[in-house]
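Visitor: Task: produce atomic coordinates for the following.
(one chain, ligands or ions: 1)
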Amino acid sequence: MSRIYNFSAGPATMPDAVLEQIRRDIPDWQGTGMSVMEVSHRSKEFIGVAESAEERLRQLLEIPDNYSVLFLQGGATLQFAMVPLNLSAQGQTADYVQTGSWSAKAISEARKYCNVSVVADSADRNFTFVPAEDSWQRSDDAAYLHYCANETIAGVEFPYVPDVDDIPLVCDMSSTILSRPVDVSKFGVIYAGAQKNISIAGVTIVIVRNDLLDRGRDDTPSLLDYQIYAKSDSMVNTPPVFSWYVAGLVFEYLQQKGGLSAMAAVNERKAKKLYDAIDSSAFYSNPVQEDDRSWMNVPFILRDAALDQVFLIEASAAGLANLQGHRSVGGMRASIYNAMPESGVDALIDFMHEFERSKS
Ligand SMILES: *Cc1c(COP(=O)(O)O)cnc(C)c1O
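Guide: This next block holds a predicted model:
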């Protein structure tokens, strides 16, 4: 295989071993003479895939038995509506922490369905930090508290799990899930789109505590109702079978790599060396408060923005692709999810040093 290092924020790079397995499984999967995308989702073969993917995820995240794992569609974006529809009554207040573009989107969607109270907001400092928990203006009667664990665009990550044990804690983990261990028992709902750290686009994973399953509104559409998915093993209608199957392969790969503690050690090391390279140069910079820097998405700017295009072209020629920052913020962003090998981060750092030397 001739592979480059792909720093895309999502859809993102996949582990080579998983791509190889997919190639082997097409066109004859498990001796069926068919590929997995051609079999009924109700066949015993596919149900085996579905159950084993869920079991592996439960092992990886040590998900307690009183939680359901749902395999949905619509991306993390649909959860911005499904969360209020499933957890709040009409007119009820829900607390939201705003730390960047994704939590802002969750807030504006939730406003259609409930009374949103923004309890903390880092917009005044350009989303470069996580507001201290003791400054949050929480409501007395909130249906839940929502936050985004890792803001994929600005590269801001909560270094802790908020403590709101009196109400359900709801978290958008799309760009950080599986990057390190997390105590699932602290959450009411965790959700994540697949195309960053789980699988290819298509499936969305929701982990929900079972006592929250009956809070849906009467007029919630069936296909947006957690309870209905939980009762049907996420097979209310045809699920995104291929993405679900790929998720199972990624979970198996992560287990073979030693699970989430092993991933965390590598991820922390990868991020640290990249931030060190940025901080030790006057040519590159990252504005995020040190404790709140993301392990997964590392934005940086060049001292001279006029060099941005040259940087991207030369990086791409060196086999380092998709480093452009999000269109809303500009600059660069290196997404270094689980599937980005440490050698890719090393290659990027070498390139950055060489680029700085040649342009200074
Ligand atoms: C990518 C992303 C989303 C949107 O995911 P879709 O699957 O495209 O809907 C939401 N939240 C976060 C934190 C993301 O990184």
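Visitor: helix/strand/coil for the closest residue to P64 other than its chain neighbours?
Guide: With sequence-adjacent residues excluded and distances taken as CB to CB, 6 or more residues apart in numbering, P64 is closest to S185, at 5.5 Å. The C-beta positions use only the backbone N, C-alpha and C, and glycine is treated the same way. Classification of S185 into helix, strand or coil gives helix, according to DSSP: H, G, I helix; E, B strand; the rest coil.
Visitor: Am I right that S185 is in contact with D65?
Guide: No - under the criterion of CB atoms under 8 Å, S185 makes no contact with D65, lying 10.7 Å away.
Visitor: can you map out the strands along the stretch 151-300 of the chain?
Guide: 156-157, 169-172, 189-193, 204-209, 284-285, 297-302 (DSSP state E, counting those that start in this stretch).
Visitor: hmm, stretch 180-191 touching the ligand?
Guide: No - Stretch 180-191 lies out of reach of the ligand by CB under 6 Å from any ligand atom, never closer than 8.7 Å.
Visitor: Show me what counts as buried in the longest helix along the chain.
Guide: The helix spanning the most residues in the chain, taking DSSP state H as the definition, is helix 259-279. Under the neighbour-count criterion of 16 or more other CB atoms under 10 Å, helix 259-279 has 259-260, 263-264, 266-267, 270-271, 274-275, 277-278 buried.
Visitor: Show the secondary-structure elements that it is packed against.
Guide: In terms of contact count using 3 or more CB pairs under 8 Å, 6 or more residues apart in numbering; DSSP states H and E, helix 259-279 is assigned the packing partners helix 44-61, strand 284-285, strand 297-302, helix 342-359.
Visitor: L72 pairs with what?
Guide: Beta-bridge partners recorded for L72 (DSSP bridges): T204.
Visitor: Just give me the neighbour total for M296.
Guide: A count of nearby residues for M296, using other CB atoms under 10 Å, gives 28.
Visitor: quick one, phi/psi of Q309?
Guide: Summarising the backbone geometry of Q309 under the convention degrees, to the nearest 10, its torsions are phi -60, psi -40.
Visitor: gap between it and S316?
Guide: 11 Å (CB to CB, to the nearest Å).
Visitor: Of these two, which one has the most company?
Guide: Neighbour tally, Q309 and S316, criterion other CB under 10 Å: the higher count belongs to S316, 14 against 10.
Visitor: What is the strand or helix carrying the more buried one packed up against?
Guide: Secondary structure from DSSP states H and E places S316 in helix 308-317. Using 3+ CB pairs under 8 Å, 6+ apart as the contact criterion, the secondary-structure elements in contact with helix 308-317 are strand 332-335, helix 342-359.
Visitor: ok, and the closest non-adjacent residue to M37?
Guide: Of all residues not flanking M37 in the chain, F242 sits nearest, at 4.7 Å (CB to CB, 6+ apart).
Visitor: Please list all residues in contact with that neighbour.
Guide: 36-37, 200, 202 (CB atoms under 8 Å, 6 or more residues apart in numbering).
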